[in-house]
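predicted model, plus sequence, below.
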Amino acid sequence: MLSILIPVYNIDCTKLVNELHKQCIKSNVIFEILCFDDCSKPEFRQKNQVLSFLFGVSYVELRENHGRAKIRNLLAGNASNKFLLFIDADSKVPNKSYIKKYLAELKPGEVIYGGRSYQKNKPGAKKILHWLYGANRESQPAKKRNKAPYLNFLSNNFLIPSDVFVKHRFDPAHEGYGYEDTLFATRLMHASITIRHINNPLLHSGLENGDIFLKKTLNALDNLILLYREGNILETRLIRAFHLLEKFSLTNIAYRYLEKRIKQYETNLLSASPLLRSFDLWKLYFFIKKMREFENGEI
């Protein structure tokens, strides 16, 4: 009935898989857990190889890196059950009824997103930006997420019928980091596939240092602009802000204003007390900048 699919890259996921395995056994459900390692470093492969000895678990080491979209499609292609549960390897299961909650919500033709949560205590200063963003923007109750179910979808923790996924896979053409979740949700929306949000979150444990988080955000903006120019993505908060500036012919004024303050924003974001408003303005500046570069053929 249930195939749990975990793409693995440079992380020890043994605790995660063992907890999921225990819950599946306790739930008395027909299950399999597929863990495909996407060409991790040897030390992580060595730690995860013990998973091969668990009943119902298939641990496979790939010879080359496939990327975020292709490995998810590969996992699904090797799954044998009716429902697919995609889980990020840097997740932690916060309670003993995680699998049970999903089993109670199964419906044909419907995608279910359980949510994402973050640790309650503030991390060290280097990781506080990622934690602040995640805790305030990504960690939301289902009631709030269901108000914009496609925009609030993330791929870290979702269940989808296998027959639906066969028709609507992740797009391997966009291999860069960022917004593959929103692209996938956009395609489901266009196909009139319902995404329903429930309160069954996984704890996100892979906090990045602030400088790495900003670098990955810049990479994600490249993907967003490409998808936006192709007309293949929902209107995110950032795109909506850009549209408003364009509508009132304020883009150039906003760009010059933000350009004068961009170093100030970056200093704040890498401090021990970052502000999400600074992050929003920082992203808006680089979105406008990259849009200009794109239009000039520079990217």
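Everything's here; your move. These figures come from a predicted structure and were not determined experimentally.

next, count neighbours for the residue nearest to Glu110 when sequence neighbours are not counted.
Counting by Cβ to Cβ, 6 or more residues apart in numbering, the nearest residue to Glu110 once its immediate chain neighbours are dropped is Thr194, at 4.9 Å. In short, each C-beta sits where N, CA and C put it, glycine included. Thr194 is surrounded by 14 other residues when neighbours are defined as other Cβ atoms under 10 Å.

what does stretch 35-55 rub up against?
Outside stretch 35-55, the residues that touch it by Cβ atoms under 8 Å, 6 or more residues apart in numbering are 6-14, 17-18, 21, 33, 57-67, 71, 74-75, 78, 89.

check stretch 230-250 too.
Applying Cβ under 8 Å, 6+ apart, the contact partners of stretch 230-250 are 150-151, 179, 182-183, 185-186, 189, 224, 227-228, 251, 254, 280, 283-284, 287-288, 291.

in PyMOL, how would I select the buried members of the residues you listed?
This is the PyMOL syntax for the buried subset of the contacts of stretch 230-250, where burial follows 16 or more other Cβ atoms under 10 Å:
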select buried, resi 150+151+179+182+183+185+186+189+224+227+228+251+254+280+283+284+287+288+291
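
thinking again about what came up before, looking at it, the residue nearest to Glu110 is touching Ile112, isn't it?
No. Here Thr194 does not reach Ile112: they are 9.2 Å apart, not a contact under Cβ atoms under 8 Å.

domains of the protein: list them as residue ranges, please.
The record, using automatic domain parsing to delimit domains, assigns the chain the ranges 2-204, 235-295.

can I get those in JSON lines including mean pLDDT and distance to Leu214?
Rendered in JSON lines, the data for the domains of the chain read as follows (pLDDT from 0 to 100; distance: least, Cβ to Cβ, whole Å):
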{"stretch": "domain 2-204", "mean pLDDT": "95", "distance to Leu214": "8"}
{"stretch": "domain 235-295", "mean pLDDT": "95", "distance to Leu214": "7"}
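
adding distance to Phe213, write the ones you listed out as JSON lines.
What follows is these, written out as JSON lines (distance: least, Cβ to Cβ, whole Å):
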{"stretch": "domain 2-204", "distance to Phe213": "5"}
{"stretch": "domain 235-295", "distance to Phe213": "9"}
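
which of those sits most buried?
Ranked by average neighbour count under the criterion mean count of other Cβ atoms under 10 Å, these are headed by domain 2-204 at a mean of 17.

the strand or helix carrying Leu203 packs against which elements?
Under the assignment given by DSSP states H and E, the secondary-structure element containing Leu203 is strand 202-204. In terms of contacts (3 or more Cβ pairs under 8 Å, 6 or more residues apart in numbering; DSSP states H and E), strand 202-204 is packed against strand 91-92, strand 116-117.

export those strands to TSV and tack on distance to Ile262?
As requested, the helices and strands packed on strand 202-204 are exported to TSV (distance: least, Cβ to Cβ, whole Å):
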stretch	distance to Ile262
strand 91-92	34
strand 116-117	29
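
quick one: which of the ones you listed is nearest Leu103?
For Leu103, the closest of the helices and strands packed on strand 202-204 is strand 91-92, at 18.1 Å, according to Cβ to Cβ.

next secondary structure element downstream of that closest one?
On the C-terminal side of strand 91-92, the closest following helix or strand by DSSP H and E is helix 98-103.

which residues does that next one contact?
Residues from elsewhere that reach helix 98-103, judged by Cβ under 8 Å, 6+ apart: 2, 20, 23-24, 26-27, 29, 85, 112, 114, 159, 198, 200, 202.

ok, 10 Å please
Judged by Cβ atoms under 10 Å, 6 or more residues apart in numbering, the contacts made with helix 98-103 from elsewhere in the structure are 1-2, 4, 19-29, 31, 83, 85, 87, 91, 93, 95, 97, 112, 114, 157-159, 198-202.

of the residues you listed, which belong to strands?
With DSSP state E as the criterion, strands contain 2, 4, 31, 83, 85, 87, 91, 112, 157-159, 202 from among these.

can you tell me the closest non-neighbouring residue to Gln140?
Taking Cβ to Cβ, 6+ apart, and ignoring the residues beside it in sequence, Gln140 has Asn152 as its nearest neighbour in space, at 6.8 Å.

endpoints of stretch 27-39, how far apart?
The first and last residues of stretch 27-39 sit 32 Å apart, counting by Cα to Cα, to the nearest Å.

re the thing from before, who touches the strand holding Leu203?
Residues lying outside strand 202-204 but in contact with it, judged by Cβ under 10 Å, 6+ apart, are 16, 87-88, 90-95, 98, 114-119, 130-131, 134-135, 138-139, 154, 156-157.
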